[in-house]
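Colleague: Test case, fold it:
(4 chains)
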2 protein chains.
Amino acid sequence: MEEKAAAEGGLRERKKRATRAALVEAAVRLAMEHGVEHVTVDAIAAAAGVSTRTFFNYFDSRDEVFVMVGADSSDRVRRAVLAAPPELSPLEALREAIATELGEVEQQQELWRLHAEVLRKAPQLLARRIGAHMADELGLAEALAERIGRGSPLFAEDRPAFASPDDEVRRRALGLYPRLLAAVGGTAVRVAIEHWSVREGEVPFADVFRETFEHLAAGLPLPPAQADDGH
Amino acid sequence: MEEKAAAEGGLRERKKRATRAALVEAAVRLAMEHGVEHVTVDAIAAAAGVSTRTFFNYFDSRDEVFVMVGADSSDRVRRAVLAAPPELSPLEALREAIATELGEVEQQQELWRLHAEVLRKAPQLLARRIGAHMADELGLAEALAERIGRGSPLFAEDRPAFASPDDEVRRRALGLYPRLLAAVGGTAVRVAIEHWSVREGEVPFADVFRETFEHLAAGLPLPPAQADDGH
DNA sequence: ATTTATTTTTGCAGGGTCTGCATTTTTGCG
DNA sequence: CGCAAAAATGCAGACCCTGCAAAAATAAAT
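Modeller: Numbers count the residues shown, from 1 in each chain, chains lettered A, B, ... in the order given. Okay, the predicted model is just below:
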């Protein structure tokens, strides 16, 4: 009875999505204007046309509004990992899944660039963003474990994508390899984005992304000298 | 004229160190007793015998007191990277540097285990801890770049280990590879600690650590099935 | 169309975090 | 001892965040 996939749903769902988006947009815009530190929840809520209290109905904390771009990406990545062609290695499957998702996101490139800008100037928020990623990490690790057919025997079949036991139990059921893969994958994406973001547009993001995963797949050897730093 | 290395310094320095340590210890103890969320700054300060205001003279935020264990580790790791035998690959050098530092820390195993316990139950703080690590990441990446003799041409020789330009400039001067290596290294340590921490003492940490870096050096291939999850 | 039930928004009280500033206490030293 | 620098403290104030209950909006049923 719930279809939160696309832009479907009753008026209620639509308004909630709109309010959420309005809050995020107001937050980012105000942050670009006055600096992240000087943006109060009151200001964000006012700019979005809701009460301060309502803000906290949508976000658990002030910072969260700045890191909630692409919050549903992790689900799609997880699914893509499970759906990837079986002949791919785990790392390749992860790379393809993330690449696909990033391709989807490219359409909102403006928003992402703005966000990258904001986050780069606020290491504290970047930390929080990593925190958000880490929640994903656990689910991603489970998906990877499920894909390689071992390491998560408890929930291999009957897991309904929800109703999972607490994190404690889930973590214990995972092997080192899936967790490492998930964590390193997330880190690689972060580094790729940061590196690309810091040289604004000098090189297509896809190139940076590919190079990053090549490093990983090669075992992070010292790469041959190349024209890395431009002219 | 400053020797902050060992237990030197005048009475002032010693008292400051003592107060700092008292705050950390009080915080961790209270966290183990009542749960991190229920520990207020007031309680920590009271337990340490100082005023609430003084707490904020020592830590920028409440959370920081929980993540400030081993704050000086990053410096030592950086130095160790630069001092590592030149025949080691960058990844090996990083592994050795971290392993050495972790060995140093093993003496405080009690405190670390307590901390790991506290942090494991507070993902939010773990995120903050990663944030603290990420400040290190930049410095570590610079050290790695310097070690491989390129990628940080601006500060290869004249950098006095302080007085660096703002992060913006420092980031631009770095290649993708050193940054990736630093970030992945930090992530690997985190995963190793978490994995080891979640199976309390079932296996020595050194083994988990070594296995983690073997995965990385091999390019994260699907490892052959092994007795990973025990019987 | 009106009523009813559910969801969402909102105001408000209250506790906790954190900062700036002025004051007091402590420390270092001649 | 007496003086200057550093640290600790109290206090006011802004902001963050959470229950709780009332009010408004929406969905569903009659």
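Colleague: tell me which strands and helices the helix or strand residue A:192 falls within is in contact with?
Modeller: Here residue A:192, judged by DSSP states H and E, is contained in helix A:176-198. With contacts defined as 3 or more Cβ pairs under 8 Å, 6 or more residues apart in numbering or on different chains; DSSP states H and E, the packing partners of helix A:176-198 are helix A:90-105, helix A:109-120, helix A:123-147, helix A:205-217, helix B:167-172, helix B:176-198, helix B:205-217. (Glycine included, C-beta is placed from N, CA and C.)
Colleague: and the angle from that helix to helix A:205-217?
Modeller: 140 degrees (axes from the mean of the first three to the mean of the last three Cα atoms, to 10 degrees).
Colleague: circling back to that earlier point, CSV for the helices and strands packed on helix A:176-198, including distance to residue B:140, mean neighbour count and mean pLDDT?
Modeller: Converted to CSV, the helices and strands packed on helix A:176-198 look like this (distance: least, Cβ to Cβ, whole Å; neighbours: other Cβ atoms under 10 Å in any protein chain shown; pLDDT from 0 to 100):
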stretch, distance to residue B:140, mean neighbour count, mean pLDDT
helix A:90-105, 23, 19, 87
helix A:109-120, 18, 17, 69
helix A:123-147, 15, 21, 73
helix A:205-217, 16, 18, 93
helix B:167-172, 12, 14, 63
helix B:176-198, 4, 23, 87
helix B:205-217, 15, 18, 93
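Colleague: DNA strand C: which of the ones you listed is closest?
Modeller: With Cβ to the nearest atom of the strand as the criterion, DNA strand C lies closest to helix A:123-147 of these, at 10.0 Å.
Colleague: Residue A:221 and residue B:89: what is the separation?
Modeller: Going from residue A:221 to residue B:89 by Cβ to Cβ, to the nearest Å gives 6 Å.
Colleague: Domains in chain A, by residue range?
Modeller: Listed by automatic domain parsing, the domain ranges of chain A are A:11-67, A:73-217.
Colleague: With distance to DNA strand C added, can I get the ones you listed in JSON lines?
Modeller: JSON lines is the format used below for the domains of chain A (distance: least, Cβ to the nearest atom of the strand, whole Å):
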{"stretch": "domain A:11-67", "distance to DNA strand C": "3"}
{"stretch": "domain A:73-217", "distance to DNA strand C": "10"}
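Colleague: between those, which gets nearest to DNA strand D?
Modeller: When these are compared (using Cβ to the nearest atom of the strand), the closest one is domain A:11-67, at 3.0 Å.
Colleague: Count the neighbours of residue A:22 for me.
Modeller: 17 (other Cβ atoms under 10 Å in any protein chain shown).
Colleague: so who does it touch?
Modeller: A:48-50 (Cβ atoms under 8 Å, 6 or more residues apart in numbering or on different chains).
Colleague: what's the spacing between it and residue A:61?
Modeller: 18 Å.
Colleague: again with residue A:136
Modeller: 18 Å.
Colleague: got it, and residue A:28?
Modeller: Taken as Cβ to Cβ, the span from residue A:28 to residue A:61 is 16 Å.
Colleague: CSV for the domains of chain A, including distance to residue B:212?
Modeller: Formatted as CSV, these follow (distance: least, Cβ to Cβ, whole Å):
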stretch, distance to residue B:212
domain A:11-67, 27
domain A:73-217, 6
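Colleague: Go through those and name the closest to residue B:143.
Modeller: domain A:73-217 (16.3 Å; Cβ to Cβ).
Colleague: now the end-to-end length of that closest one.
Modeller: Domain A:73-217 has an end-to-end distance of 23 Å (Cα to Cα, to the nearest Å).
Colleague: ok, for residue A:219, nearest residue in space, not its chain neighbours?
Modeller: Counting by Cβ to Cβ, 6 or more residues apart in numbering or on different chains, the nearest residue to residue A:219 once its immediate chain neighbours are dropped is residue B:219, at 4.1 Å.
Colleague: Quick check, pLDDT for that neighbour.
Modeller: Predicted confidence (pLDDT) at residue B:219: the value is 96.
Colleague: Tell me how many other residues surround it.
Modeller: For residue B:219, using other Cβ under 10 Å, the count is 16.
Colleague: Next: the one 3 residues further on.
Modeller: Neighbourhood size, residue B:222 [other Cβ under 10 Å]: 14.
Colleague: And residue A:19, by the same measure?
Modeller: Neighbours of residue A:19 (other Cβ under 10 Å): 17.
Colleague: Ok, residue A:26 next?
Modeller: Residue A:26 has 21 neighbours, counted by other Cβ under 10 Å.
Colleague: That one contacts residue A:40, doesn't it?
Modeller: No - in this structure, residue A:26 is not within contact of residue A:40 by Cβ atoms under 8 Å, at 11.7 Å.
Colleague: Between those two, which contacts overlap?
Modeller: What both residue A:26 and residue A:40 touch, as defined by Cβ under 8 Å, 6+ apart, is an empty set.
Colleague: separation between residue A:218 and chain B?
Modeller: The gap separating residue A:218 from chain B is 6 Å, by Cβ to the nearest Cβ, to the nearest Å.
Colleague: List the residues that contact that residue.
Modeller: residue B:219.
Colleague: just residue A:62 next, same as before
Modeller: Counted by Cβ under 8 Å, 6+ apart, residue A:62 has contacts A:40-41, A:44.
Colleague: Name the helix or strand for it, please.
Modeller: Under DSSP H and E, no helix or strand contains residue A:62.
Colleague: Can you tell me the closest non-neighbouring residue to residue A:185?
Modeller: Here the nearest residue to residue A:185 in space, its sequence neighbours aside, is residue A:94; by Cβ to Cβ, 6+ apart that works out to 4.8 Å.
Colleague: okay but the one you found is in contact with residue A:144, surely?
Modeller: Yes - using Cβ under 8 Å, residue A:94 is in contact with residue A:144, at 6.9 Å.
Colleague: overlap in contacts of those two?
Modeller: A:81, A:181-182.
Colleague: show me what contacts residue A:104?
Modeller: Residue A:104 neighbours (Cβ under 8 Å, 6+ apart): residue A:76.
Colleague: Now for the nearest residue to residue A:44 once chain neighbours are set aside, how many residues are close by?
Modeller: Excluding its sequence neighbours, the residue lying closest to residue A:44 (Cβ to Cβ, 6+ apart) is residue A:27, at 4.8 Å. Using other Cβ under 10 Å, residue A:27 is surrounded by 27 other residues.
Colleague: contacting residues for residue A:27?
Modeller: A:39, A:44, A:65-66.
Colleague: Tabulate those in CSV, adding columns for secondary structure, neighbour count and pLDDT.
Modeller: Shown next, in CSV, are the contacts of residue A:27 (DSSP: H, G, I helix; E, B strand; the rest coil; neighbours: other Cβ atoms under 10 Å in any protein chain shown; pLDDT from 0 to 100):
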residue, secondary structure, neighbour count, pLDDT
A:39, coil, 23, 95
A:44, helix, 26, 97
A:65, helix, 25, 89
A:66, helix, 25, 83
